[in-house]
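# How does the following fold in three dimensions:
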Amino acid sequence: MATATNIILNDAAATPVAHTFQPTNKDGNVMKWEELGVAPATIGNRYITAELVRTQSPSSKTNSGERNNRVRVTLHCPTLETLGTDDNGMLPPPTVAYICRASGGEYILPERSTLQERKDLRKMNYELQNSPQIVAMIEQLISVW
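Below is the predicted model:
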């Protein structure tokens, strides 16, 4: 298994900004990297999940009779809701308004997302697919710790 390291992805802004995703958690086969300290609350942090599922044994088969390894890599970009104050002048806790997601070639784009958010997601997903740790998972079937 490879040791997880930071993944740096540039966005699609006119002057690109580098976003650093730090390894934060491993739960079973799923590794998580998170962009820490950027959002006003942790629920607004962008994050990456990557999972490698290997075939279990020579007797395991799928419905089609083929044995397959599977790699799932997803980039999650939440946007926080803009909240007003309550009657006491206090701000309510942060809430996620929507999450733009890219998983390989599939993009999930809420209708509320902005053009810049969609551009950033496409560019960052492109760079993620070429990240050395993700390439090793796909090509060499090396999981990440």
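
# ok, which stretches of this structure are helices?
Using DSSP state H, the helices found in the chain span residues 115-129, 132-140.

# which one of these has the most crowded surroundings?
Among the helices of the chain, the stretch with the highest mean neighbour count (mean count of other C-beta atoms under 10 Å) is helix 115-129, at a mean of 17. The way it works is simple: take the backbone N, C-alpha and C, and place the C-beta from them, glycine included.

# Give me the average confidence score over that helix.
What helix 115-129 shows for mean pLDDT is 94.

# what helices or strands is it leaning on?
Helix 115-129 sits against strand 7-10, strand 70-80, strand 96-103, strand 106-108, with contacts defined as 3 or more C-beta pairs under 8 Å, 6 or more residues apart in numbering; DSSP states H and E.

# Of all those strands, which one is nearest Gln140?
strand 70-80 (10.7 Å; C-beta to C-beta).

# pull the CA atoms of that closest one into PDB?
Extracted in PDB, the C-alpha atoms of strand 70-80 (Å, rounded to 0.1, in the frame of the first residue of the first chain):
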ATOM      1  CA  ARG A  70     -12.900  -1.500  -9.400                       C
ATOM      2  CA  VAL A  71     -11.500   2.000  -8.600                       C
ATOM      3  CA  ARG A  72     -13.900   4.800  -7.700                       C
ATOM      4  CA  VAL A  73     -12.500   8.400  -7.400                       C
ATOM      5  CA  THR A  74     -14.900  11.300  -6.600                       C
ATOM      6  CA  LEU A  75     -14.300  15.000  -6.200                       C
ATOM      7  CA  HIS A  76     -16.900  16.700  -3.900                       C
ATOM      8  CA  CYS A  77     -17.200  20.500  -4.000                       C
ATOM      9  CA  PRO A  78     -19.900  21.700  -1.500                       C
ATOM     10  CA  THR A  79     -21.300  25.200  -1.500                       C
ATOM     11  CA  LEU A  80     -22.600  26.600   1.800                       C
END
